[in-house]
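Novice: Sequence and predicted structure below; questions after.
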Amino acid sequence: MEKNYVVGVDIGGQTSKCGVVDKNGNVLAQTVIRSDNHDVVEPYIAELAEALKKIIKDAGVEGQVRGVGVGAPNANHYTGTIENAVNLTWGNNGEIPFAKLLTEAMDGMPVSLTNDANAAALGEMHYGSAKGMKDFIMITLGTGVGSGIIINGQLVYGHDGFAGELGHVIIDRSPNARQCGCGKKGCLEAYCSATGVARTAREWLDNTDEPSLLRKLDKISAKDVNDAARQGDELSIRIFNYTGTLLGQSLADFVNFSAPEAIVLFGGLARNKEFLTEPILRAMNENLLPLWKNKVKLVYTSLKESDAAILGASALAW
């Protein structure tokens, strides 16, 4: 029987999104299970396999599934392992042979995994804004800053499977550089993630008396900054200008080593494109070498937000 379907699994710290996908990127059946109900991986695998078998049956494609693609934190595509994933309740136990365990639980169905940012890049190449492109860089702007690098149609993994940590390129080497969650100081992620935007807002409010809608809030999120910017709040608009400028400068550096056709932005913070696009493009082109100036496209994901994670993971299985 011809196998024209795949399954995608996106594993997050709290939930795992699962779906059956056809070659055109249609999600035929999907479900969500908790990722954080277990302290060890084996019962999670059993629950995940049960959920996958159910959606395959619900989609009416039993015997027609080519394989399972999984996007997860700290996933190593080469070894099929998840290694010291501190954001997963069962993931901080050394090297977990995740692909092997899930293959066994799925009665021998092939399983391939990669980290979540790489999965997003593959999804964009197969189904989204980068379809038809062979060279691009995917930047995921969420709680952190992730990246997936596609060169000549191939995802770059490096010798150990962990290449592409552009969110941890240092952009601030001053004594007062921000501490990043990775342990280093001054990382791009500490400034240009959703967390970084909220941090900028708090710092600017503490250091100035400038009026802002944000002063009414006890806790500030990137969404709050976006909401205030949409209401014309000048401080919030400047926060996005600052964030976009830093990101654009870094993107110019990234272009230097892979000469991509485009930079693709993905993730929750990328929804603020009306405030980010101009400063990103301005800063990127001001810092590019002449041979690339105004030639590298900046595009945003075209994938439906609710399906994007599943589609990205499913692309691995093709």
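Specialist: Now that the structure is in, tell me what you want to look at.

Novice: Output the helix or strand in which residue 283 is found in CSV, but only the C-alpha positions, please.
Specialist: Assigned by DSSP states H and E, residue 283 belongs to helix 273-287. C-alpha atoms of helix 273-287 as CSV (Å, rounded to 0.1, in the frame of the first residue of the first chain):
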residue,chain,number,x,y,z
LYS,A,273,5.7,42.6,11.9
GLU,A,274,4.1,46.0,11.5
PHE,A,275,6.5,47.3,14.1
LEU,A,276,9.5,45.1,13.4
THR,A,277,9.9,45.0,9.7
GLU,A,278,11.2,48.5,9.0
PRO,A,279,13.9,48.5,11.7
ILE,A,280,15.0,45.0,10.9
LEU,A,281,15.4,45.7,7.2
ARG,A,282,17.0,49.1,7.8
ALA,A,283,19.6,47.7,10.2
MET,A,284,20.3,44.6,8.2
ASN,A,285,20.9,46.5,4.9
GLU,A,286,23.0,49.2,6.7
ASN,A,287,25.3,46.4,7.9
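
Novice: How about residues contacting it?
Specialist: Applying CB atoms under 8 Å, 6 or more residues apart in numbering, the external contacts of helix 273-287 come out as 226, 229, 237, 240-249, 251-253, 255, 263, 265, 269-270, 293-294, 296, 298, 300. In short, each C-beta sits where N, CA and C put it, glycine included.

Novice: Following element in sequence after that helix, please.
Specialist: Following helix 273-287 toward the C-terminus (DSSP H and E): strand 297-300.

Novice: buried ones in that following strand?
Specialist: 298-300 (16 or more other CB atoms under 10 Å).

Novice: which SS class is residue 308?
Specialist: helix (DSSP: H, G, I helix; E, B strand; the rest coil).

Novice: could the buried residues of strand 297-300 be laid out in TSV, adding pLDDT and distance to residue 125?
Specialist: Output for the buried residues of strand 297-300, formatted as TSV (pLDDT from 0 to 100; distance: CB to CB, whole Å):
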residue	pLDDT	distance to residue 125
298	98	17
299	97	12
300	96	15
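
Novice: just the residues you listed now: which is nearest residue 216?
Specialist: Set against residue 216, the nearest of the buried residues of strand 297-300 by CB to CB is residue 300 (30.2 Å).

Novice: From residue 262, how far off is that closest one?
Specialist: Remark: distance between residue 300 and residue 262 (CB to CB, to the nearest Å) = 10 Å.

Novice: Quick check: neighbours shared by these two?
Specialist: residue 129.

Novice: where does the residue nearest to residue 293 when sequence neighbours are not counted land on pLDDT?
Specialist: Residue nearest to residue 293 in three dimensions, not counting chain neighbours: residue 285, with 5.3 Å by CB to CB, 6 or more residues apart in numbering. On the pLDDT scale, residue 285 is placed at 98.

Novice: okay, now residue 285: neighbour count?
Specialist: 17 (other CB atoms under 10 Å).

Novice: Not counting its neighbours along the chain, what's nearest residue 248?
Specialist: That would be residue 283: by CB to CB, 6+ apart, it lies 2.9 Å from residue 248.

Novice: Could you do residue 134 as well?
Specialist: Per CB to CB, 6+ apart, closest to residue 134 is residue 153, 4.3 Å.

Novice: Report the secondary structure state of residue 161.
Specialist: Of the three states, residue 161 takes coil according to three-state DSSP.

Novice: which residues does it contact?
Specialist: Contacts of residue 161 (CB under 8 Å, 6+ apart): 76-79.

Novice: which one among those gets closest to residue 57?
Specialist: Taking CB to CB as the measure, residue 57 lies nearest residue 77 of those, at 28.4 Å.

Novice: Surely that closest one is in contact with residue 112?
Specialist: Yes: between residue 77 and residue 112 there is a contact at 7.0 Å, judged by CB atoms under 8 Å.
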